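Engineer: I would like the atomic coordinates for the input below:
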Amino acid sequence: MKRVTIICCYNSIEKYNALVKSLKMQSEKCEIIGINNCKQKFHSCSSAFNSIIDSVTTKFVIFSHQDIFMPKENILCQFVDYMEHMTSVSIMGVAGAKKGIRHTITNIRQGKKNNYAGAIQLKGIKKCDTLDECFFGGYTTFFQKYHFNDKICNGWHLYAVEKCLFAKKLGGKVYVCDVNMVHMSTTVSIDHFYNMNFYRLCKAYSKRTGEIWTTCAHSKTACIFRIVSLIKYEIIIRLKEKSKLWSMWKGGGRSCFED
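Structural biologist: You can find the predicted model right below:
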């Protein structure tokens, strides 16, 4: 009997097919559910996952980005074995953030150069505060009882972070583990939509936690601090946009977003 279902909301059929091919090579056999969002049927990952989660019948469920690749056949088995030791309201992922540490904790590699995605590697499993969205999961019963919050996370960012904060509210733990998979994309910088989502998250959890750390941002949640954080990140975003436009102009019109 299969222990786990992998759910992926994708907008690239080519990348999703590569993920499926990688999963079928794993020693741990799994159910695979793909949510085709090529025509932008869903406005957020939260709404996409909520549309399908109640149909999952396996013990565990994992939510994956479309550009995840597993170079060894035992990686999924290792991840699920780790989840077997969690409580029913805990969550595990492959890249995490911890309060006071300004580096991502992860063993995954990323991009064409296959570099480590974080400055801190680990062995085994480690408690952290929040997780990156690229690959995370837990007991299916948890995600079926407590759906993703589409009001706070009404886009494509921070839905895993919100679930981590919610799990800890229930007494659960958040873990990052040492599996060596590859995230084909490179690290994404904070944009305006991420920044606004992070502000909403800080506001929603301000009475439960004094500070929120993610793999991309951190802020105290009290009103004045989250407003200052919102403005600070927005200034950084605007400066980066101007820098990209300047680079594009200097390059004679070549887009600075091209690989």
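
Engineer: show me where the stretch 1-150 of the chain has strands.
Structural biologist: Secondary structure of the stretch 1-150 of the chain by DSSP state E, counting those that start in this stretch: the strands cover 4-10, 31-36, 60-64, 68-69, 91-93, 95-97, 105-106, 109-110, 115-116, 125-127, 130-131, 135-139.

Engineer: quick one: strands adjacent to the first one?
Structural biologist: Take DSSP bridges as the rule and strand 4-10 pairs in its sheet with strand 31-36 (parallel), strand 60-64 (parallel).

Engineer: repeat for the fifth one
Structural biologist: Taking DSSP bridges as the criterion, strand 91-93 sits next to strand 135-139 (antiparallel), strand 174-177 (parallel) in its sheet.

Engineer: which residues sit against the first one?
Structural biologist: Read it as strand 135-139. 4, 59-65, 68, 83, 86, 88-95, 108, 160, 163, 167, 181, 183 (C-beta atoms under 8 Å, 6 or more residues apart in numbering). For glycine as for every other residue, the C-beta is placed from the backbone atoms N, C-alpha and C.

Engineer: columns distance to residue 19, mean neighbour count and mean pLDDT on top of the strands paired with strand 4-10, output as TSV?
Structural biologist: Converted to TSV, these look like this (distance: least, C-beta to C-beta, whole Å; neighbours: other C-beta atoms under 10 Å; pLDDT from 0 to 100):
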stretch	distance to residue 19	mean neighbour count	mean pLDDT
strand 31-36	8	16	98
strand 60-64	7	25	98
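
Engineer: need these in JSON lines with distance to residue 220, can you?
Structural biologist: Shown next, in JSON lines, are the strands paired with strand 4-10 (distance: least, C-beta to C-beta, whole Å):
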{"stretch": "strand 31-36", "distance to residue 220": "35"}
{"stretch": "strand 60-64", "distance to residue 220": "28"}
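
Engineer: could you list the low-pLDDT ranges of the protein?
Structural biologist: Confidence mapping of the chain against pLDDT under 70 gives the ranges 187-188, 244-259.

Engineer: ok, 80 please
Structural biologist: The chain contains residues with pLDDT under 80 at 112-113, 186-189, 242-259.

Engineer: could you say what helices and strands the lengthiest helix in it packs with?
Structural biologist: Taking DSSP state H as the criterion, the chain has its longest helix at helix 223-250. Other elements packing on helix 223-250 under the criterion 3 or more C-beta pairs under 8 Å, 6 or more residues apart in numbering; DSSP states H and E are helix 192-204, strand 218-220.

Engineer: any chance of these in a markdown table, with distance to residue 155 and mean neighbour count too?
Structural biologist: As requested, these are exported to a markdown table (distance: least, C-beta to C-beta, whole Å; neighbours: other C-beta atoms under 10 Å):
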| stretch | distance to residue 155 | mean neighbour count |
| --- | --- | --- |
| helix 192-204 | 5 | 19 |
| strand 218-220 | 18 | 19 |
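
Engineer: now distance to residue 232 too, for these, in a markdown table please.
Structural biologist: Shown next, in a markdown table, are the helices and strands packed on helix 223-250 (distance: least, C-beta to C-beta, whole Å):
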| stretch | distance to residue 232 |
| --- | --- |
| helix 192-204 | 9 |
| strand 218-220 | 9 |
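
Engineer: ok, which of these comes nearest residue 40?
Structural biologist: Nearest of these to residue 40, taken as C-beta to C-beta: helix 192-204 at 14.5 Å.

Engineer: would you map the helices across the stretch 51-200 of the chain?
Structural biologist: With DSSP state H, counting those that start in this stretch, the ranges of helices along the stretch 51-200 of the chain come out as 75-83, 140-145, 159-169, 192-204.
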